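Chemist: Kindly generate the corresponding structure for this input.
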Amino acid sequence: MQTFTVIFLFFLLASTLVQLWLSLRQKQHVSQHRAAVPEAFTGKITLAEHQKAADYTLEKGSFGRIELMLGFVILLVWTLGGGLNWLDQLWRGFEWGPLWTGTAVILSLTLISGLIDLPASLYRTFVLEEKFGFNKMTLKTLVVDTLKGAALGVVIGVPLIMFILWLMESAGTYWWLYAWVGLTGFSLLMTWAYPKFISPLFNKFKPLEEGEVADRVNGLLERTGFNSKGVFVMDGSKRSGHGNAYFTGFGKNKRIVFFDTLLEHLTPAQVEAVLAHELGHFKRKHIVKGMALSIAMTFAGFAVLAWLMQQEWFYTGLGVSQSSTYMALILFMVASPVFTFFIGPLMSRLSRKHEFEADEFAAQQSSASELIAALVGLYKENASTLTPDPLHSAFYDSHPPAAIRIAHLQEQN
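Modeler: Residues are numbered from 1 along each chain as shown. Below is the predicted model:
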């Protein structure tokens, strides 16, 4: 067995065992605290609501562990089991050039992976989410969404794949630098285009109607100096009972979007506080920092790929008999999450830091008490557990645990 194969297996096994251990810790911790509402939420959330959130978390965790083990097996089949090598040899038999062969291999891999994931996706939507009253999606909507997504993948994704493969094949030693510039430009273009051209293909957006909510929103935007292309309400209830709010786009194409489910459950003052939190991300430059970090990581990833592409052991160590530019890209995409898994807690910690900063901005520009009330309402409506395992939360959660976040907000009063 090659050295790189051993290293890959070590990291794959280690990351899988850590994820399993963290999931079991979460299960134990949530179960132990299921019987009583945490003191910070007494009188705000009923025992039945708290237990619903606990049960929802436990069931998602149980299914997640099944998916984890299946993912472990599937990755081994694709790599050391020879799945990718078989797919590569199949398309090589047509004797096309590397550009078309590589594109065919990537598209067929994407299609097969999507079919493998389909049963789990159906279960999550129509069994798990349905059981807890969150699913609003019909089978027709799912089919239409899938077809639209596939069409977008062909129209947008295929040219991008072919562009990168062409650079890898033809642009010489510094192909990876050109690819990084191209992908960065493409990502920025998609960020700009998404709210105006792509998102409306899946959801309906309407301007926020006049009234107290609009008055509070416009007042907040005016005093914080935030300019956007408008405030919109999205028909999130078409697919899910979960509520949310977000910014999308950049530059002059920025939009503020509220899920209709969120507006149904929050008061105007609470909506203002939630928006103030989202504005905090913008004003504290979290979005720009996140984009810069993503661009930097993409730069590093392409540089590593350029080096790995020249190493024969990279291919043979992952079960592929013949080296090629497109197989280097595929193997890197498939294997890199195994090696980067352990930087996840650092990213989560940075995200939680940004959430605290956005909360502080919201407390200054709106009301900490109203934001607390809004968060409690969202925890309730989304069935978010109030008692996550601290280590599991530190590893995965992009937002601070509910009790810690609310205690931090109370200090802002």
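Chemist: Now do stretch 27-42: distance from first to last residue.
Modeler: Start and end residues of stretch 27-42 are separated by 22 Å (C-alpha to C-alpha, to the nearest Å).
Chemist: same check, this time on stretch 164-176
Modeler: Terminal-residue distance, stretch 164-176 (C-alpha to C-alpha): 9 Å.
Chemist: Now that stretch: average pLDDT?
Modeler: The average pLDDT for stretch 164-176 rounds to 95.
Chemist: So which bits of it are buried?
Modeler: 164, 165, 166, 167, 168, 175, 176 (16 or more other C-beta atoms under 10 Å). Every C-beta, even on glycine, is put in place using the N, C-alpha and C of the backbone.
Chemist: ok but residue 94 is inside a strand, no?
Modeler: No. Counting by DSSP: H, G, I helix; E, B strand; the rest coil, residue 94 is not part of a strand but coil.
Chemist: So what's the residue count around the nearest residue to it once chain neighbours are set aside?
Modeler: Among residues not flanking residue 94 along the chain, residue 101 sits closest, at 7.2 Å (C-beta to C-beta, 6 or more residues apart in numbering). Per other C-beta atoms under 10 Å, the neighbour tally for residue 101 reads 21.
Chemist: Tell me the first helix or strand C-terminal of the one helix or strand residue 101 maps to.
Modeler: Using DSSP states H and E, residue 101 sits in helix 98-123. The helix or strand immediately downstream of helix 98-123 is helix 129-131, counting by DSSP H and E.
Chemist: Report the distance from that following helix to the chain centre.
Modeler: Its chain's C-alpha centre and that of helix 129-131 lie 21 Å apart, by C-alpha atoms, centre = their mean, to the nearest Å.
Chemist: now the angle between helix 98-123 and the helix or strand following that helix, please.
Modeler: Downstream of helix 129-131, the first helix or strand assigned by DSSP H and E is helix 139-152. If you take axes from the mean of the first three to the mean of the last three C-alpha atoms, to 10 degrees, helix 139-152 sits at 160 degrees to helix 98-123.
Chemist: In helix 139-152, which residues are buried?
Modeler: By neighbour count on 16+ other C-beta under 10 Å, the buried set for helix 139-152 is residue 142.
Chemist: avg pLDDT for that helix?
Modeler: Per-residue scores along helix 139-152 average to 91.
Chemist: who does the helix or strand following that helix touch, helix- and strand-wise?
Modeler: Next along the chain after helix 139-152, taking DSSP H and E as the criterion, comes helix 158-170. In this structure, helix 158-170 makes packing contacts with helix 98-123, helix 175-193, helix 325-340, judged by 3 or more C-beta pairs under 8 Å, 6 or more residues apart in numbering; DSSP states H and E.
Chemist: make it 10 Å
Modeler: The contact analysis (3 or more C-beta pairs under 10 Å, 6 or more residues apart in numbering; DSSP states H and E) places helix 158-170 against helix 98-123, helix 175-193, helix 286-308, helix 325-340.
Chemist: How about residues contacting that helix?
Modeler: 97-103, 106-107, 110, 153, 171, 174-183, 186, 190, 302, 305-306, 309, 324-326, 328-329 (C-beta atoms under 10 Å, 6 or more residues apart in numbering).
Chemist: what's the angle from that helix to helix 98-123?
Modeler: 140 degrees.
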